[in-house]
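[1] One predicted model, sequence on top.
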Amino acid sequence: MARTANVTSASLYNYFPNKAELIKAAIAARTDVALPRLRAAAAGPGTAIDQIEAVLDESGRLMREYPDLAAFEWVIRAEGVADADSRFAGGARFQAFREIIEGVVDDAYRRGELAHRQDRDSIVEAVYALVYGLTELAATSPPRAYHAALDCAKELISGTLFARPAGAQR
């Protein structure tokens with residue numbers, strides 16, 4: 001935010017009544033950049049697999065463009081800095097990410113891509129856990145490790161990460 005405003009980070013405090021307001025503004029700035037792009041990726045053409053891969057690809061691009069994004073979000077979420085009544089409580093981006101995933105899964109169900117409706121919540125939770133874990137990895141590991149894991153996550157989603165040996169049964 002300071003870079004965009006062409007001021008020092010210390011002088012940002014002069015523009016906000018308190019630290020909580022500064023944090024809320026910083027979260028909003030990041031959310032305003034990331035969420036429209038993630039929603040657009042999820043709304044793209046193809047199957048649920050294509051859409052989830054597109055969201056993961058967009059997440060990777062966001063992490064390249066804003067290397068501090070995941071670390072900032074992770075710290076804010078871990079610290080619970082935001083006030084409980086705020087729209088940022090509980091991690092606005094994480095909740096929005098869950099809603100994006102729910103939309104993809106619900107569309108997949110309507111298109112007949114899910115075998116059973118009762119799997120919906122489990123599928124949402126599994127994909128959400130994957131995204132949440134990738135965010136933690138992006139926040140705590142070198143970019144190379146995050147992007148390698150992101151590539152594996154896409155293979156996991158598409159069902160190509162593991163191969164069942166010939167003749168092996170489930």
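    Everything's here; your move.

[2] What are the boundaries of the helices in the chain?
    2-5, 19-42, 48-65, 69-79, 92-110, 120-140, 143-158 (DSSP state H).

[3] Arrange the ones you listed in a markdown table, one row each, with distance to Gly167 as further columns.
    All C-beta atoms are positioned from the backbone trio N, CA, C, and that covers glycine. As requested, these are exported to a markdown table (distance: least, Cβ to Cβ, whole Å):
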| stretch | distance to Gly167 |
| --- | --- |
| helix 2-5 | 58 |
| helix 19-42 | 38 |
| helix 48-65 | 26 |
| helix 69-79 | 42 |
| helix 92-110 | 31 |
| helix 120-140 | 28 |
| helix 143-158 | 23 |
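
[4] Compile these into TSV and extend it with columns for mean neighbour count, mean pLDDT and distance to Ala166.
    As requested, the helices of the chain are exported to TSV (neighbours: other Cβ atoms under 10 Å; pLDDT from 0 to 100; distance: least, Cβ to Cβ, whole Å):
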stretch	mean neighbour count	mean pLDDT	distance to Ala166
helix 2-5	10	55	55
helix 19-42	16	80	36
helix 48-65	19	95	24
helix 69-79	17	71	40
helix 92-110	18	87	30
helix 120-140	17	91	27
helix 143-158	15	95	20
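
[5] so which of those comes closest to Gln169?
    Counting by Cβ to Cβ, Gln169 lies closest to helix 143-158 out of these; the figure is 21.2 Å.

[6] what distance separates the closest one from the middle of the whole chain?
    Once both centres are worked out by Cα atoms, centre = their mean, to the nearest Å, helix 143-158 turns out to sit 13 Å from its chain's centre.
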